[in-house]
Every structure is written in structure tokens, then in C-alpha cells.
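[1] missing the sequence, but the structure's below:
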DNA sequence: ACGAGTACCTGGCAGC
DNA sequence: TGCTGCCAGGTACTCG
């Protein structure tokens, strides 16, 4: 489940290797994988030079000379593979020196020509307790659902939202608009801290959906998780999951540390 | 505008 | 052992 840190880690691996290359071809290997970009539109990219890579939320953009960027999203099970082969390859880019593919068993990944509407960049300079307070104001939805809503904050998914809420001591089911000033302050800081730490560790590698960077190297942030994938928290308390579904799934929390 | 629910998709695993 | 069926999860859609 690639979230912001995994995409950032992938970008850092790919950027120095792909910069300066030109696209030779883009191919959809699995029919129906990319809904929007027609094969024709992809063909038009051939020959264009890669200026660089950029990340926005969980989206990775390949910036091209004289064209809108080619944007990749890995869904929940996607992985980028540079100069290698993997199972379930859905999309492939051939450049002058490299081959980059998306391996995505569950086919939730996407290839786009422009970013969807995305909210605040949590590691960007604009993200502050004040901004977060603005986003949560008067909202009745559970704070975890709001945190994972990409139109509000771009980059947090289940793993890092779970971790950020734990570090902030806030229960996932609490209505966004009911967080105190102090809680919002802690949550904004915790979100940044959790993401920055994971970026530093090269992303999460968790038991069920191991993240591997484009060269096949695992990240080290999974072992650092306080709640995610555990029955007993790093805090030593047995964890609980909400009975109510939040954003369509149960949320894990520590009943002692999160109030 | 907001919040909830569901479809999409497939590997993995619990339960029989 | 082998089958069934449920679950995970990000996004986009619909519905109230």
C-alpha cells in the first residue's frame, strides 16, 4: 500500500536514473488497466525527454519536455520495477537506457495525464495546525476519514493515518470538528513526523503487502510502526479496532493512549 | 456541501 | 487436501 513515503522513496531512486533519458515507448500490458489514457495519447509521448520526476501526494509524475507529465498512481498493490521483471506487470515505459514497469496484482493503479484535485501537501511548507484546523472545522466525519481524504490532505493512507492518530493521542472515530486546538496541533505535528520518519527509512515494508523500491530493496519503516499490523501496540497496550467502519474499514487504535 | 456506502480487483487466509 | 468466501485497501462513483 504505497502512500506518500513509498512514492517519495521511489522517486528518489528513479529520478537520478531516468533524468535525461528519452521515452521510447509506453505500453499498457494489461487491457483495461489504464482507463483514461488512450494508446494513441501514449504513443505521442515517444521521443520526449524526461526532465525529472515529481511527487504530489501519492502520485508520481514523470515530467516531459513539451508535454503534460505522465502521472502514475500505484493504487494499493502497485510497485515500480526498474530494469527487472515482476508478476502482474500492467504498464511499461521503455526509455533510452531503462525499462520501468508497474507490477500491480490488484489493478487499482492508474496512469493519468493530470493530477486529480489534491489537498494540502503534509510535508510542504504550507501545512500547519492552522491549515489542518481549517480543514477539520465543523466536519462531522471521523477525523481518520478526513485525514485520508486526498482532497483535503494528500498522501496519508491507512498506515500513516493510523500512526499519526496514535502519536497524537486522538481516537480515529472522533468527529473532525470536535478536536480541540491542542489535539489539532498534535495531529499536524504527528502527521509530519510520521511521514518524515518513514521517508527517512525508505518506506514501509509490512507483512502482507511488502513495499519494495524500484530496485527491489525493501523499506525499513514497517518495523517502526507503533500500531499498524500489531495486536499489542508499541506502547504495550492491547489494541482495539472500531466496530463502526471508518472510510469503509475498521480502524485500529490504543484505547489507553488515544482519548 | 457533506457523509456514507459500494464497485472495482485479486491474493491470501480462515474455516469447513 | 481442497473448496468457499471473506477481507484488505485507494479512488471514484452514487445516493440521501
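    Okay, I see it. Quick caveat: nothing in here was measured; it's all calculated off a predicted structure.

[2] Do stretch A:66-86 and DNA strand C come into contact?
    Yes. Stretch A:66-86 lies within reach of DNA strand C by Cβ under 7 Å from any atom of the strand, at A:73, A:75-77. For every residue, glycine as well, the C-beta is placed using N, CA and C.

[3] cool, stretch A:212-224 as well?
    No. Legend: contact between stretch A:212-224 and DNA strand C by Cβ under 7 Å from any atom of the strand is lacking; minimum distance shown is 11.7 Å.

[4] Does DNA strand B have contacts with that stretch?
    No. Using Cβ under 7 Å from any atom of the strand, we find that stretch A:212-224 stays clear of DNA strand B, coming within 13.6 Å at best.

[5] same question, stretch A:245-259
    Yes. Using Cβ under 7 Å from any atom of the strand, stretch A:245-259 reaches DNA strand B at A:245, A:248.

[6] start to end distance for that stretch?
    Stretch A:245-259 has an end-to-end distance of 18 Å (Cα to Cα, to the nearest Å).

[7] Stretch A:237-254: which residues count as buried?
    A:239-240, A:242, A:246-247, A:251-254 (16 or more other Cβ atoms under 10 Å).

[8] Mind checking which of these land in helices?
    In helices, judged by DSSP state H, none of those are found.

[9] Quick check: of those residues, which lies closest to DNA strand C?
    Closest approach to DNA strand C among these (Cβ to the nearest atom of the strand): residue A:247, at 6.2 Å.

[10] just to revisit the earlier point, now intersect the residues of stretch A:66-86 next to DNA strand C with the strands, please.
    Per DSSP state E, strands hold the following members of the residues of stretch A:66-86 next to DNA strand C: residue A:73.

[11] quick one on the thing from earlier: which of the buried residues of stretch A:237-254 sit farthest apart?
    A:247 and A:254 (19.2 Å; Cβ to Cβ).

[12] For residue A:107, list the residues it contacts.
    A:30, A:32-33, A:75, A:88, A:90 (Cβ atoms under 8 Å, 6 or more residues apart in numbering).

[13] By neighbour count, which of those residues wins?
    residue A:90 (23 neighbours; other Cβ atoms under 10 Å).

[14] so does the helix or strand encompassing that one get close to DNA strand B?
    Taking DSSP states H and E as the criterion, residue A:90 maps to strand A:89-95. No. Using Cβ under 7 Å from any atom of the strand, strand A:89-95 stays clear of DNA strand B, coming no nearer than 9.3 Å.

[15] list the helices and strands the helix or strand containing residue A:134 packs on?
    Taking DSSP H and E as the definition, residue A:134 sits inside helix A:129-136. Judged by 3 or more Cβ pairs under 8 Å, 6 or more residues apart in numbering; DSSP states H and E, helix A:129-136 is in contact with helix A:143-148, helix A:181-200.

[16] I appreciate the help and will end here.
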